[in-house]
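Enquirer: Sequence plus the predicted model coming up.
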Amino acid sequence: MAALHATYLAVSNKSFSRTLAPFLRHIAACNNAGLPGSRTPFFCDASQIGWITPSTIQALETLEAHKSGTFGVSSGADLFPLSRTLCEMGLYTSHHEAFDVRDDSGAVLGQVDRGAIPVLGLAAEGVHLNGLVERADGLFLWVARRSMSKRLDPGKLDHLVAGGMSAGLDPQTTVIKEAQEEAGIPAGLAAKAQRVGRIHYALERPEGLRRDVLHCYDLLLPEDFVPVAEDGEVESFHLLPIQRVMALVRDTNDFKFNVNLVLIDLFLRRGLFDPADASILRRALSGQAA
């Protein structure tokens, strides 16, 4: 992880063309966590699953089960009770939603409250869907504006559909579920979404360490489709030309932090960068040296 962080420091410190640098800044901003840094490994049995700060260590040391100096749990069954205890200790506010915790091979070890994930520096998975409309006058993208009541990045622009992968779900099932809840997309239409890539990053945020894996999808929507916010998480929807979306990513911070990465990937796949710039951006998105 230290090597990955160094890659993004190099990206942010290099002198690139004026057209490329604004996009690279979003990639660098989402990869600002240099690990281990001051963090200590957190284990489930013999598997390291997270990274914890000195303040989290201090909280764990007050618990009888963590007085041996080894920070972690003996089995996956202990993860959710620990996350609940950390909530009761005031380290985070419960999301009332369980997320799976996986080892490096992808096997599910147990579950935690979603809010505990950044506190323990656990990896988490989610989906982002580009809602695309192909018209005679070009390619358009449905953009959502997040409700001001959202706990994370209220009022920011977002994808038509995006959400974390709850316990027991896979990416495809999550896309279908979130598409119905967030935009009123029928399951039959949402099932046509094409998986187009995967993006990961390590980001220090006020809530803790975000080690997210984003499963990216494209969905071509009919011209007469109009999204409906069924769960109250979206304030409004807007259908924008792809060039307008690209300008917003380039010139502003209007989009939620990780949405920028998925949109840059979309712009790359649609050939909106010249070949030299595209090569640099692809390497940066994948964590390779620029």
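Expert: Good, I have the coordinates. Residues are numbered from 1 along each chain as shown.

Enquirer: for this structure, what helix or strand is lowest in average pLDDT?
Expert: Within the chain, no helix or strand scores below helix 2-13, which has a mean of 45 by mean pLDDT, DSSP states H and E.

Enquirer: At which residues are the strands of the stretch 101-250 of the chain located?
Expert: 108-113, 123-135, 138-146, 157-159, 161-164, 194-205, 208-220, 234-241 (DSSP state E, counting those that start in this stretch).

Enquirer: Adding mean neighbour count, distance to residue 19 and mean pLDDT, write the ones you listed out as CSV.
Expert: Heads up, the C-betas are built off the backbone N, CA and C, glycines and all. As requested, these are exported to CSV (neighbours: other CB atoms under 10 Å; distance: least, CB to CB, whole Å; pLDDT from 0 to 100):
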stretch, mean neighbour count, distance to residue 19, mean pLDDT
strand 108-113, 20, 42, 97
strand 123-135, 21, 22, 97
strand 138-146, 20, 20, 97
strand 157-159, 24, 21, 97
strand 161-164, 23, 27, 95
strand 194-205, 17, 21, 96
strand 208-220, 21, 23, 97
strand 234-241, 16, 18, 95
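
Enquirer: Including distance to residue 179, could those strands go into TSV?
Expert: What follows is the strands of the stretch 101-250 of the chain, written out as TSV (distance: least, CB to CB, whole Å):
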stretch	distance to residue 179
strand 108-113	24
strand 123-135	7
strand 138-146	11
strand 157-159	11
strand 161-164	5
strand 194-205	13
strand 208-220	8
strand 234-241	12
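
Enquirer: Just the C-alphas of the helix or strand that residue 100 is a member of, formatted as CSV.
Expert: Assigned by DSSP states H and E, residue 100 belongs to strand 98-102. The C-alpha trace of strand 98-102 is given here as CSV (Å, rounded to 0.1, in the frame of the first residue of the first chain):
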residue,chain,number,x,y,z
ALA,A,98,-24.6,-5.4,7.9
PHE,A,99,-21.7,-5.7,5.4
ASP,A,100,-19.7,-8.9,4.7
VAL,A,101,-16.0,-9.0,5.7
ARG,A,102,-13.8,-11.0,3.3
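
Enquirer: quick one: buried residues of that strand?
Expert: Across strand 98-102, burial judged by 16 or more other CB atoms under 10 Å covers 98-102.

Enquirer: of all these, which comes closest to residue 133?
Expert: residue 99 (32.0 Å; CB to CB).

Enquirer: and that closest one, what does it touch?
Expert: 111-114, 117, 124, 164-167 (CB atoms under 8 Å, 6 or more residues apart in numbering).

Enquirer: ok, which pair from the residues you listed is furthest apart?
Expert: The farthest-apart pair in the contacts of residue 99, when distances are taken by CB to CB, is 113 and 165, at 14.6 Å.

Enquirer: And the next helix or strand past the least confident helix or strand of the chain?
Expert: Assignment by DSSP H and E places the next element after helix 2-13 at helix 21-29.

Enquirer: What helices and strands are in contact with that next one?
Expert: Packing partners of helix 21-29 (3 or more CB pairs under 8 Å, 6 or more residues apart in numbering; DSSP states H and E): helix 2-13, helix 242-251, helix 259-269, helix 275-286.

Enquirer: Now do whatever helix or strand comes next after it against strand 108-113, angle only.
Expert: Once the chain leaves helix 21-29, the next helix or strand it forms, by DSSP H and E, is strand 40-44. Inter-element angle recorded for strand 40-44 and strand 108-113: 110 degrees (by axes from the mean of the first three to the mean of the last three CA atoms, to 10 degrees).

Enquirer: what helices or strands is strand 40-44 leaning on?
Expert: strand 47-52, strand 72-73.

Enquirer: chain center to the longest one, what's the gap?
Expert: When you say that, I think you mean strand 47-52. Relative to its chain's centre, strand 47-52 lies at 18 Å (CA atoms, centre = their mean, to the nearest Å).

Enquirer: Give me the buried positions along that strand.
Expert: Quick answer for strand 47-52 (16+ other CB under 10 Å): 49-52.

Enquirer: Out of those, which is nearest to residue 91?
Expert: Distance to residue 91 across these (CB to CB) is lowest for residue 52, with 10.4 Å.
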